[in-house]
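[1] Using only what follows, build the 3D model:
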Amino acid sequence: MDKKIIFFILFIVVAISASIAITIQYDIYSYHIWAYTAIKEGVNEIYNINKYFDRVCDYPPLGAYISIFQGKVLSFFSPLKIGSIPMLFFYKLLPLLFIFILFYKSFFHSGSKRILFSYLLCTPFAVSTVLNGQFDIIIVFLILMSIVQMEKKNQKTGIVLLVLALFVKQTAFFFVFLIFLHYFIEDGHKKKFLLKSLIAGLTAFLIFFAPFIIKGNIVSSIKDLIANTLYSSPFSGYAFNILSLIKNSKYIDFNYNVLNISFLSYSLLAVVAAAILISIKKEWDILKKMALFSIVWFNFLVGLREQHILYPFFFLSIYLYYSKKNILWIAVLSVLSILNFILYNPLIALAVFKEPTLPDTMLIIFTLIQVALSSILFIIALKEKKHTRKENAGISFSKRESIRMIIFLLFIILFAEFAPGFHSKEEKEFFSHAILKKNIIEISNDKYIDLNVISLSSFENYLGLRMADNAYFKAENKGDYQELIFDAKCEFIEKGALIINNDTILIENTVENISLPFLTGDTLVFKSVSDKKYSQIALYNFRFK
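    Coordinates of the predicted model:
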């Protein structure tokens with residue numbers, strides 16, 4: 001059997017196993033809530049910012065529709081609930097499909113050793129996006145497919161793919177902006193290029209926002225989308241880049257400023273300026289531009305979230321394969337890949353330091369090394385006078401395949417917008433009921449408390465609360481319950497306590513079926529006591545009688 005087929009089969013087996021066996025939630029529960037909302041209240045309500053605590057929809061329509069599509073398909077097997085989600089891993093399967101196709105087309109098609117090496121550099125970050133259920137791999141897929149079509153002079157197809165990438169997630173903006181500028185400057189008929197782009201953009205807008213236009217809430221929905229985007233701070237996050245070197249600023253602080261302009265604003269301006277300056281160099285091909293821009297993006301905005309590291313490593317690895325053989329480039333990129341795998345992998349920190357993050361001193365040292373190494377890559381790419389590659393970058397995306405992808409995404413959009421779905425009409429999970437009834441009347445703001453999924457296995461996931469030391473919430477019974485039953489578990493500690501009103505319940509590892517009388521008019525205050533940094537008590541599987 002061909003070696004590339006063996007590698008590909010191995011990758012499929014590992015990725016599927018990891019996707020199902022390892023449950024890292026992050027945004028996956030949000031996708032579930034968006035699908036639940038679309039089924040129960042209509043797609044036109046997904047941007048309503050007053051529902052389900054912080055699970056607002058902060059993705060553009062295509063990204064939201066991909067979530068809704070998966071949720072509606074899942075609902076045919078089991079009506080969707082808020083409180084318990086037995087098959088949450090289902091939301092990982094579509095991104096996984098895109099990884100298979102992308103890696104086969106971009107890395108395995110040729111079968112060369114350099115391609116396989118490039119693949120190995122990207123794999124940890126690509127699989128990580130699947131574990132998190134993220135759609136960034138879809139953006140990379142559409143961007144690469146659009147570049148191939150643009151290089152083949154299939155301009156209309158390429159523009160449509162760029163527009164689709166832009167509507168998946170806000171993260172695509174800077175890369176789409178650079179590609180658009182590159183081909184606009186290169187094109188000899190700039191007015192026609194702009195007209196094609198305008199037509200594609202307006203058509204996509206009408207298709208994506210059809211439910212909101214039909215229901216007459218298009219303006220309010222766009223306002224909510226913008227508000228949700230700002231609320232979720234898409235350009236902040238756990239950063240291991242230049243901004244993270246600011247004292248006491250693991251998370252980018254909007255308040256740090258010079259001349260009344262935040263450091264984050266300077267960073268965004270630097271990225272936009274880099275995109276413009278790189279795009280106007282006519283003698284550079286698009287792959288060199290993507291590699292250079294990825295390094296700038298890497299140092300100023302990567303750290304948005306863990307999965308975003310995929311972008312620079314994918315484009316740098318692509319450039320490695322198609323550029324002239326450069327041992328220094330290979331060595332630096334390899335070290336950078338290993339370093340980032342350590343930085344962005346909480347499992348390593350948990351294994352070595354028993355905490356979900358590395359010590360601050362180590363983070364600073366690693367970040368300094370990362371900035372230095374990525375700067376070396378930038379200089380190498382910048383100084384390379386002749387960037388040699390095969391026609392169309394050697395990636396086998398035909399026009400027919402690209403059109404099929406556009407049709408597939410159009411099917412997802414229409415299915416998400418208009419196909420029926422099913423949700424449970426009689427849930428007995430407390431949180432799902434309390435959220436809708438507004439029975440949770442107070443929640444701590446100064447202590448970490450997160451409404452998220454507690455996963456016991458791939459097929460056993462519950463909506464619950466993770467509560468840091470001294471975090472609390474208060475619930476009032478407005479006539480819906482007589483008794484509450486729930487489970488609790490310690491995370492990052494072996495023992496903790498839960499104070500409910502004046503009663504203390506000791507939590508050792510996991511305690512199941514904690515029962516509390518909860519009569520009409522009663523108020524319960526839940527407070528966690530864990531006495532350790534990063535530790536938390538998780539409350540889940542709430543039921544009521």
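
[2] biggest helix in this structure, by residue count?
    When the chain is parsed with DSSP state H, its longest helix is helix 360-383.

[3] Would you indicate which residues of that one are buried?
    Buried residues in helix 360-383, counting neighbours by 16 or more other Cβ atoms under 10 Å, are found at 363-364, 366-367, 370-371, 373-374, 376-378, 380-381. For every residue, glycine as well, the C-beta is placed using N, CA and C.

[4] Out of those residues, which comes closest to residue 266?
    residue 371 (15.9 Å; Cβ to Cβ).

[5] Closest one of the buried residues of helix 360-383 to residue 455?
    Closest to residue 455, out of all of the buried residues of helix 360-383 and judged by Cβ to Cβ, is residue 363, at 26.6 Å.

[6] Just to check, that closest one is in contact with residue 343?
    Yes: contact status for residue 363 versus residue 343: in contact at 7.4 Å, counting by Cβ atoms under 8 Å.

[7] Can you get me a residue count around the closest residue to residue 124 other than its chain neighbours?
    Leaving aside its chain neighbours, residue 124 sits nearest to residue 341 (5.0 Å; criterion: Cβ to Cβ, 6 or more residues apart in numbering). For residue 341, the count of nearby residues is 17 (other Cβ atoms under 10 Å).

[8] Tell me the backbone dihedrals of the residue most central in space within the chain, please.
    With distances taken as Cα atoms, centre = their mean, residue 134 lies nearest the centre of the chain, 3.8 Å away. Dihedral pair for residue 134: phi -80, psi 160, per degrees, to the nearest 10.

[9] Residue 510 now?
    Dihedral angles (degrees, to the nearest 10) for residue 510: phi -130, psi 130.

[10] How about residue 466?
    Per degrees, to the nearest 10, the backbone of residue 466 is at phi -100, psi 130.

[11] Roughly how far does it sit from residue 491?
    7 Å (Cβ to Cβ, to the nearest Å).

[12] neighbour-wise, which of the two wins?
    Neighbour count, other Cβ under 10 Å: between residue 466 and residue 491, residue 466 has more, with 20 against 16.

[13] so how far is residue 540 from the more buried one?
    Taken as Cβ to Cβ, the span from residue 466 to residue 540 is 9 Å.

[14] Need the residues touching each of the two.
    Residues touching both residue 466 and residue 540 (Cβ atoms under 8 Å, 6 or more residues apart in numbering) are residue 454.

[15] Show me where the stretch 251-400 of the chain has its strands.
    Using DSSP state E, counting those that start in this stretch, the strands of the stretch 251-400 of the chain run over 257-258, 261-262.

[16] try the chain
    Secondary structure of the chain by DSSP state E: the strands cover 257-258, 261-262, 440-443, 449-457, 460-468, 472-476, 483-491, 495-500, 503-508, 510-517, 523-529, 536-544.

[17] now the fourth one: how far from the chain's centre is it?
    On the basis of Cα atoms, centre = their mean, to the nearest Å, the separation between the geometric centre of strand 449-457 and that of its chain is 17 Å.

[18] returning to that earlier point: just put the buried residues of helix 360-383 in TSV and tack on pLDDT.
    Putting the buried residues of helix 360-383 into TSV (pLDDT from 0 to 100) gives the following:
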residue	pLDDT
363	77
364	80
366	81
367	80
370	83
371	85
373	87
374	86
376	88
377	85
378	89
380	84
381	83
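
[19] now, which of those sits nearest residue 281?
    residue 381 (11.9 Å).

[20] tell me the contacts of that closest one?
    Residue 381 touches 288, 291-292, 295, 319, 323, 329, counting by Cβ under 8 Å, 6+ apart.

[21] One more pass at 7 Å, please.
    288, 291-292, 319 (Cβ atoms under 7 Å, 6 or more residues apart in numbering).

[22] Show me which pair in the residues you listed is furthest apart.
    292 and 319 (8.8 Å).

[23] okay, and the common contacts of residue 466 and residue 491?
    With Cβ under 7 Å, 6+ apart as the test, residue 466 and residue 491 both reach 536, 538.

[24] How much space separates the residue nearest to residue 139 when sequence neighbours are not counted from residue 453?
    Leaving aside its sequence neighbours, residue 139 sits nearest to residue 172 (Cβ to Cβ, 6+ apart; 4.5 Å). For residue 172, the distance to residue 453 (Cβ to Cβ) stands at 26 Å.
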